[in-house]
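Student: Provide a 3D model corresponding to the input given below.
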Amino acid sequence: MMTKNKCRDRSYGFTLFELMVVMGVVAVIAVLAVPAFNSVQRSSALTRGEEEVLGELNLARQHALSVNRDVEVRFYRYKDGVVPGNPSQFRSVQSFVYSDSGEASPIRMMRNLPPTVVIDAGTVLSSILVPARRKNWLGSDIQPPLPGLNKDYEAYAFRFRPDGGTDLAPFPGTPWFITLHDRAAGDSLSAPPDNYTSIVVDPINGQPSSYRP
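Tutor: Numbers count the residues shown, from 1 in each chain. The predicted structure follows:
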């Protein structure tokens, strides 16, 4: 007598317990990955900010050499209009070439730092931003309106001379520099935060360089 082997169709899938385990693992990975991702993003933003400032300084110096005129680099300090209540901070840079009559013309549009990056306003971390470097608009050197700001901003500046040097005093042992760091670290700091970059300008030859730990 022949017997029939009965085969039953079985549908394989995840049980509720297995799904909960998988979801738990995914949640743990997400919790661990978000801080690392944010850190990478902020580090990348700092790199972009460093490149913007270095690019502007190099452009200004080369332009002064090529047209044989003074070129002024201005660092702009203003409030972020997007976030109410935010303090006034250094967020942008722009270069201007001067004519024989003392009138300034922008070389190109101002360069904005990434939203999470600022130039520290304190002279401990940014020696270029001393009060004596604050722009006073006199005579033909008039204050230009800026996009979205009009004239609601401050500017601190130094100049590249036609020989490529600067108007920064070559005091022994006094380097001229600015420091960029994450906006969340605060401002006018007494010591650099964990992640920062300093951009140094040689007062004699005008050559900019950067240091990042």
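Student: So which elements touch the helix or strand of the chain with the lowest mean pLDDT?
Tutor: Per-element confidence for the chain was summarised using mean pLDDT, DSSP states H and E. The lowest value among helices and strands belongs to helix 16-67, with a mean of 81. Counting by 3 or more Cβ pairs under 8 Å, 6 or more residues apart in numbering; DSSP states H and E, the packing neighbours recorded for helix 16-67 are strand 71-78, strand 89-98, strand 111-112, strand 117-119, strand 154-160, strand 176-182, strand 196-201, strand 208-211. All C-beta spots, glycine's among them, are computed from the backbone N, C-alpha and C.
Student: Not counting sequence-adjacent ones, nearest residue to the spatially most central residue of the chain?
Tutor: Centroid-nearest residue in the chain: residue 49, 3.1 Å away (criterion: Cα atoms, centre = their mean). Computed as Cβ to Cβ, 6 or more residues apart in numbering, the closest residue to residue 49 that is not its neighbour in sequence is residue 117, at 3.9 Å.
Student: Mind listing the residues bridging to the one you found?
Tutor: Taking DSSP bridges as the rule, residue 117 bridges to residue 182.
Student: count of neighbours near it?
Tutor: 25 (other Cβ atoms under 10 Å).
Student: Which pLDDT value goes with it?
Tutor: For residue 117, the model assigns a pLDDT of 97.
Student: quick revisit: highest average neighbour count across the helices and strands packed on helix 16-67?
Tutor: For the helices and strands packed on helix 16-67, ranked by mean neighbour count under the definition mean count of other Cβ atoms under 10 Å, the leader is strand 117-119 at a mean of 25.
Student: ok so, going back, right, and the residue nearest to residue 49 touches residue 47 too?
Tutor: No - under the criterion of Cβ atoms under 8 Å, residue 117 is not in contact with residue 47, lying 9.4 Å apart.
Student: Residue 126 touches residue 120, doesn't it?
Tutor: Yes - using Cβ under 8 Å, residue 126 makes contact with residue 120 at a distance of 5.0 Å.
Student: Now do residue 207 against residue 118, distance only.
Tutor: Look at residue 207 and residue 118: by Cβ to Cβ, to the nearest Å, they are 24 Å apart.
Student: what does residue 39 give?
Tutor: For residue 39 relative to residue 118 (Cβ to Cβ), the value is 18 Å.
Student: neighbours of residue 55, just the number please.
Tutor: Summarising burial for residue 55: neighbours were counted as other Cβ under 10 Å, giving 13.
Student: Understood, closing this out.
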